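*Asks:* let's see this in three dimensions:
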Amino acid sequence: MGYDSIFVLSTDVLKRSTNKQTNKMKKVLFTLTLIGSSFWVSAQAPSSTGTQTTNLNLTDAIDITFAANASSTGAAINFNFNTVNDYANGIESAPAEIKVRSNKRFNVSVKSSSAYFTYAGAASPAPQMYVGSVLYFKMTQNNTGGWSWVNNRYDYIDHYNWTFLFNGVNGGNQNFTIVYRVTPGFAFPAGTYTTDVIYTATQQ
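*Replies:* Model (predicted):
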């Protein structure tokens, strides 16, 4: 009986001894961990941050220019009627490329600056040549992503503004090519007949 008591006591002492060693080990490991963490923090370089807000204040913008001179005013187109065949058949111009830059989709319309050509010549009174009966145009190339009434077909130009290109895609080089045709016939005297053709690009 006494042996059993001594054995139990010895076991308890052993457990306590083991616990003390374990606690010592835990303390040592814990202490080493703290030392290691302290060393890692001290190894980083000091830093500081600053913040600045950047705002892009965008407004809608659009322009239309003639590619030949990168201007909103194109070079004059001259139709020289020298033979009867010119009068009978009419004359077609060289292609003219027009470029639109826009941050939104757009339409393009056209009109003449006046209902009648301005006449300069010897005839008096000045002849009245109606623009819409003589001046025609068509689109031979379309790189705008939109669609047109005058795609490879002639239609008239007069002093009423009308849209011929619809839903052009926004971009920095949306271009199309125009060809003009004039057919004055034989009814008008010699002289120079002038009108301006005005293109207007409008954002949707």
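*Asks:* can you list the weak-confidence ranges in the chain?
*Replies:* 1-43 (pLDDT under 70).
*Asks:* break the chain into its domains for me.
*Replies:* 1-42, 62-203 (automatic domain parsing).
*Asks:* return the most buried member of those.
*Replies:* Among the domains of the chain, domain 62-203 has the highest mean neighbour count (mean count of other Cβ atoms under 10 Å), at a mean of 15. Using the backbone N, CA and C atoms, a C-beta is placed for each residue, glycine as well.
*Asks:* might one say that residue 127 is in contact with residue 188?
*Replies:* Yes - applying Cβ atoms under 8 Å as the test, residue 127 and residue 188 come out as touching, 5.2 Å apart.
*Asks:* longest strand anywhere in the chain?
*Replies:* Ordering each strand of the chain by length in residues (DSSP state E) puts strand 171-182 first.
*Asks:* returning to that earlier point: with distance to residue 53 added, can I get the domains of the chain in CSV?
*Replies:* Converted to CSV, the domains of the chain look like this (distance: least, Cβ to Cβ, whole Å):
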stretch, distance to residue 53
domain 1-42, 32
domain 62-203, 23
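*Asks:* list residues touching both of residue 127 and residue 188?
*Replies:* The contact sets of residue 127 and residue 188 do not overlap (Cβ atoms under 8 Å, 6 or more residues apart in numbering).
*Asks:* excluding sequence neighbours, find me the nearest residue to residue 173.
*Replies:* Nearest residue to residue 173 in three dimensions, chain neighbours excluded: residue 99, at 6.3 Å (Cβ to Cβ, 6 or more residues apart in numbering).
*Asks:* if we can go back for a sec, so which other helices or strands are in contact with the longest strand of the chain?
*Replies:* strand 91-92, strand 96-102, strand 135-143 (3 or more Cβ pairs under 8 Å, 6 or more residues apart in numbering; DSSP states H and E).
*Asks:* strands along the chain, start to end?
*Replies:* Counting by DSSP E, the strands of the chain are 62-66, 91-92, 96-102, 106-112, 118-120, 135-143, 147-148, 155-156, 162-168, 171-182, 192-194, 197-203.
*Asks:* can I get these in CSV with distance to residue 46?
*Replies:* As requested, the strands of the chain are exported to CSV (distance: least, Cβ to Cβ, whole Å):
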stretch, distance to residue 46
strand 62-66, 52
strand 91-92, 76
strand 96-102, 49
strand 106-112, 55
strand 118-120, 78
strand 135-143, 57
strand 147-148, 63
strand 155-156, 74
strand 162-168, 56
strand 171-182, 46
strand 192-194, 76
strand 197-203, 52
